[in-house]
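[1] for reference, the sequence and a predicted model appear below.
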Amino acid sequence: MRHVYADFIDRVAKPARYLGGEYQAVVKDTADARVCLAFPDVYDIGMSHLGTKILYSLLNKDPRIACERAFAPWLDMEEELRTRGLPLVSLESQRPLCEFDVVGFSLQYELTFTNVLTMLDLGGLPLRTVDRAADAPLVLVGGPTASHPEPMAAFIDAAFVGEAEERLPALVLEWAALRKAIAAGTRTRADVLAELASKYPLYVPSLYETEVDADTGMTVVGAPKDPRVPARVTRAMVRDLDAYPFPSDSPVPYAEAVFERASVEIARGCTEGCRFCQAGMIYRPVRERSPQSIADSLINGVEKAGYDETGLTCLSTADFSSITPLVKQLAGELRRRGVSMSVASLRAYGLNEDLLDELALTRISGLTFAPEAGTQRMRDVINKNVTEAHIEESARRVFARGWHRLKLYFIIGLPTEEDDDVRGTVETGRRMLGLGRGLVGGRAEVTVSVSSHVPKPHTPFQWCQQDTLDEIRRKQALLRATAGREKGLRLKHHDSGVSFVEGVLARG
């Protein structure tokens, strides 16, 4: 079949983003329900997203469901589609989004909200739910940002609250069947959505009363309009991660992805309880995959896809109960295959010596820790259970094993922050650099990466005032002045304007 974009695809950057046909992609001619996983960012980023890989494999394992993918087009592709009057189509079957039963968006961060609207528009769906036909596809959102979906309420049918593995396949099939009743005129869309909301962890904005608070101007969600709809949605949670093995058969991207590796989620949840961290709050409690399940998924992923790099990922990898024997087992098998391994989210205290010894044998050029704040006072405020001594000891262990690069993550703009706390982020990096020079000489390099605090819903800091743009920029200037131009000390900070907009969207 000639591709719908064939006449102009050579005019856009990275045309492989839009063509599909990747190794291990799934194409089904017939199905009872058709789902498009619409990732609201470019292919390069979306193809690295672990959640999309999980749901794509899970849904396609059901012979009744055809799950396909679509990604946000880059600006040049968007212009071509609008100029030519062509729709955004899925990679697998070249169907426009408007021809699916369900269009599911993964909301990973607030700045992709506008991409959702672009994809809906290009996919042939009216932006606002009130403007769509009664039997239009179900526009569903999920992911961490769907835990506070009200800023997108006018554009979505429902938000799936929590983890989707156990309930999503049944929801998709039931909606597809009930959609036929809507098309036949025997059920209304509102009636069907109310029925689904009574069975599944769905927040359906159109089924709740809203009012504007006279003092703040904020829109407040009130009581359900239908007695079947719960006043509060209960979050879905997968208790046994091993019941849903991590997929090793994900499509292998044609275009270069941000992370070209076989990665496995080894656990969900976090024990730390940092007061700024939304993921640490909404993914409680901690649950782990079994080491054998992790090893099987990782090795199978390498053998099937041919990756030469792997990764273990979760919110706090060092807290995984069997991390050292797991890394030891995997490192030996991967070295024999010439494959490297990275371990994400190492904490800045209590690093196991044996774990570091194993990681030192891999091809990792450096390690990353997240002290988050530059002074002990500030770390106590945010409930970050790490001391200066912990940070120094972890850095010493890293440099002593021959690594010469260390990256430290910090946040500015936290509640009660003072200028000494801001300076402390750079000074902490400078002390670690001095320690590194004593162990590896002039090769030592420390990167201080600083983001600006965005108060997020469901965290203890959700009602705290965010720094103004001027205040964020003042603190960033203070960081630069403190860092100076010292060799080996690198300072990076986020765009202040982007952080401010993120804060607006995060809390609506």
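    Received, thanks. Residues are numbered from 1 along each chain as shown.
[2] next one, pLDDT for the residue nearest to the spatial centre of the chain please.
    In the chain, the residue lying closest to the centroid (Cα atoms, centre = their mean) is residue 108, at 4.2 Å. Looking at residue 108, its pLDDT is 95.
[3] list the contacts of it.
    41, 49, 51, 143-145 (Cβ atoms under 8 Å, 6 or more residues apart in numbering). From N, CA and C alone the C-beta is placed, and that goes for glycine too.
[4] phi, psi for it please.
    Note on residue 108: backbone dihedrals following degrees, to the nearest 10 are phi -90, psi -30.
[5] can you check the one 10 residues further on too?
    Listed backbone geometry of residue 118 is phi -60, psi -40, with angles given as degrees, to the nearest 10.
[6] measure residue 182 to residue 133 for me?
    9 Å (Cβ to Cβ, to the nearest Å).
[7] so the two - more neighbours on which side?
    A count of neighbours by other Cβ atoms under 10 Å puts residue 182 above the other of residue 182 and residue 133, at 20 against 12.
[8] tell me the secondary structure for the more buried one?
    helix (DSSP: H, G, I helix; E, B strand; the rest coil).
[9] among the contacts of residue 108, give me the pair with the biggest separation.
    The most widely separated members of the contacts of residue 108, counting by Cβ to Cβ, are 41 and 144 (14.3 Å).
[10] could you list every helix and strand in contact with the helix or strand harbouring residue 120?
    For residue 120, the enclosing helix or strand under DSSP states H and E is helix 113-122. Secondary-structure packing of helix 113-122 (3 or more Cβ pairs under 8 Å, 6 or more residues apart in numbering; DSSP states H and E): helix 75-84, strand 102-106.
[11] next, the angle helix 113-122 makes with the first one.
    Helix 75-84 and helix 113-122 meet at an angle of 30 degrees, taking axes from the mean of the first three to the mean of the last three Cα atoms, to 10 degrees as the criterion.
[12] dump helix 75-84 to PDB, keeping only the CA atoms.
    Extracted C-alpha coordinates of helix 75-84, given in PDB (Å, rounded to 0.1, in the frame of the first residue of the first chain):
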ATOM      1  CA  LEU A  75       6.800  21.700  13.000                       C
ATOM      2  CA  ASP A  76       7.800  21.000   9.400                       C
ATOM      3  CA  MET A  77       5.500  18.000   9.200                       C
ATOM      4  CA  GLU A  78       2.700  19.800  10.900                       C
ATOM      5  CA  GLU A  79       2.900  22.600   8.200                       C
ATOM      6  CA  GLU A  80       2.900  20.000   5.400                       C
ATOM      7  CA  LEU A  81      -0.200  18.300   6.800                       C
ATOM      8  CA  ARG A  82      -2.100  21.500   7.200                       C
ATOM      9  CA  THR A  83      -1.100  22.900   3.800                       C
ATOM     10  CA  ARG A  84      -2.100  19.600   2.100                       C
END
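[13] which other residues reach that helix?
    Contacts for helix 75-84 (Cβ under 8 Å, 6+ apart): 8, 11-13, 17-18, 73, 86-88, 118, 122.
[14] and what of stretch 164-171?
    Contacts with stretch 164-171, where a contact means Cβ under 8 Å, 6+ apart, come from 54-55, 58-59, 62, 65, 142, 160, 196, 200-202, 236, 238, 244.
[15] could you redo the last one with a cut-off of 7 Å?
    Contact partners of stretch 164-171, identified using Cβ atoms under 7 Å, 6 or more residues apart in numbering, comprise 54-55, 58-59, 62, 65, 142, 160, 196, 200-201, 236, 238, 244.
[16] is it possible to get CSV of the residues you listed that adds neighbour count, distance to residue 301 and pLDDT?
    Shown next, in CSV, are those (neighbours: other Cβ atoms under 10 Å; distance: Cβ to Cβ, whole Å; pLDDT from 0 to 100):
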residue, neighbour count, distance to residue 301, pLDDT
54, 19, 13, 95
55, 22, 17, 98
58, 19, 16, 97
59, 25, 19, 98
62, 16, 21, 98
65, 22, 23, 99
142, 25, 23, 98
160, 23, 26, 98
196, 20, 34, 99
200, 19, 31, 98
201, 23, 29, 98
236, 18, 26, 97
238, 16, 20, 97
244, 17, 15, 93
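[17] which elements pack onto the lowest-mean-pLDDT helix or strand in the chain?
    Across the helices and strands of the chain, mean confidence by mean pLDDT, DSSP states H and E is lowest for helix 353-360: a mean of 80. Packing partners of helix 353-360 (3 or more Cβ pairs under 7 Å, 6 or more residues apart in numbering; DSSP states H and E): helix 323-336, helix 388-400.
[18] nearest to residue 216, out of the ones you listed?
    The closest of these to residue 216 is helix 388-400. By Cβ to Cβ, the value is 40.4 Å.
[19] the helix or strand just after that closest one vs helix 388-400, what angle?
    For helix 388-400, the following helix or strand on the C-terminal side (DSSP H and E) is strand 405-412. Interaxial angle, strand 405-412 versus helix 388-400 (the same axes, to 10 degrees): 150 degrees.
[20] whichever helix or strand comes after strand 405-412: which residues count as buried?
    Counting by DSSP H and E, the element after strand 405-412 in chain order, helix or strand, is helix 419-440. Under the neighbour-count criterion of 16 or more other Cβ atoms under 10 Å, helix 419-440 has 421-430, 432-433, 435-437, 439-440 buried.
[21] ok, stretch 27-40 next?
    In stretch 27-40, residues buried by neighbour count (16+ other Cβ under 10 Å) are 31, 33-40.
[22] next: stretch 103-116.
    For stretch 103-116, a neighbour-count test (16+ other Cβ under 10 Å) marks 103-108, 110-113, 115-116 as buried.
[23] looking at those residues, which is nearest residue 292?
    The closest of those, once distances to residue 292 are taken by Cβ to Cβ, is residue 106, at 28.5 Å.
[24] residues near the residue lying closest to the closest one once chain neighbours are set aside, how many?
    Once flanking residues are discounted, residue 106 sits nearest to residue 143: 4.4 Å by Cβ to Cβ, 6 or more residues apart in numbering. Using other Cβ under 10 Å, residue 143 has 22 neighbouring residues.
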